[in-house]
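Trainee: sharing a model prediction with you, sequence too.
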Amino acid sequence: MKYGGYTYILTNKNNTVLYTGVTSNLQKRLAEHREGIHINAFTRKYNCHKLIYFEGFNRIEDAIAREKQIKGGSRAKKESLINSINPNWNDLTDLVDE
């Protein structure tokens with residue numbers, strides 16, 4: 001299903017760093033993170049390429065609001081959110097179908 005926006009969480013290979021982002025094209029944005037096209041990006045600096053959580057929204061404004069809500073929470077709340085759908089913190093990139 002095509003959505004208007006996505007909120008997502010990435011981590012590094014050791015699951016020690018969490019990055020929360022928002023985009024209108026998740027597949028494209030994940031490729032940009034993997035390729036490290038933004039020289040000074042947080043995800044490039046900390047090697048955050050593993051998609052461990054994502055939500056699709058009909059409107060990009062709703063995705064942005066959700067991103068702000070997640071970013072405003074503690075690490076424990078983020079971990080609880082991730083564990084609710086992905087308890088093994090597997091890479092979910094293959095589930096993205098745009």
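Mentor: Arrived safely, thanks for sending. Remember, predicted model here, so these are calculated numbers, not experimental data.
Trainee: which strand or helix spans the residue of the chain positioned farthest from its centre?
Mentor: When each C-alpha in the chain is compared with the mean C-alpha position (CA atoms, centre = their mean), residue 39 comes out farthest, at 18.8 Å. In the assignment (DSSP states H and E), residue 39 maps to no helix and no strand.
Trainee: please apply the same query to residue 10.
Mentor: strand 5-11.
Trainee: dihedrals phi and psi, the residue farthest from the centre of the chain?
Mentor: phi -50, psi -40 (degrees, to the nearest 10).
Trainee: can you tell me how far it sits from residue 45?
Mentor: According to CB to CB, to the nearest Å, residue 39 stands 10 Å off from residue 45. Quick note: C-beta positions are derived from backbone N, CA and C, even for glycine.
Trainee: now swap in residue 17 and tell me
Mentor: Distance, residue 17 to residue 45, using CB to CB: 9 Å.
Trainee: what about the two, which has more around it?
Mentor: Legend: neighbour count by other CB atoms under 10 Å for residue 17 and residue 45, higher for residue 17 (16 against 11).
Trainee: nearest spatial neighbour of the more buried one, skipping sequence neighbours?
Mentor: With sequence-adjacent residues excluded and distances taken as CB to CB, 6 or more residues apart in numbering, residue 17 is closest to residue 46, at 4.5 Å.
Trainee: one more: residue 81?
Mentor: The shortest distance from residue 81 to any non-neighbouring residue, by CB to CB, 6+ apart, is to residue 53 (6.4 Å).
Trainee: and that neighbour, helix, strand or coil?
Mentor: Here residue 53 is recorded as strand under DSSP: H, G, I helix; E, B strand; the rest coil.
Trainee: pretty sure it contacts residue 11?
Mentor: No: under the criterion of CB atoms under 8 Å, residue 53 is not in contact with residue 11, lying 9.1 Å apart.
Trainee: for residue 13, give me its contacts.
Mentor: Applying CB atoms under 8 Å, 6 or more residues apart in numbering to residue 13 gives the contacts 47, 50.
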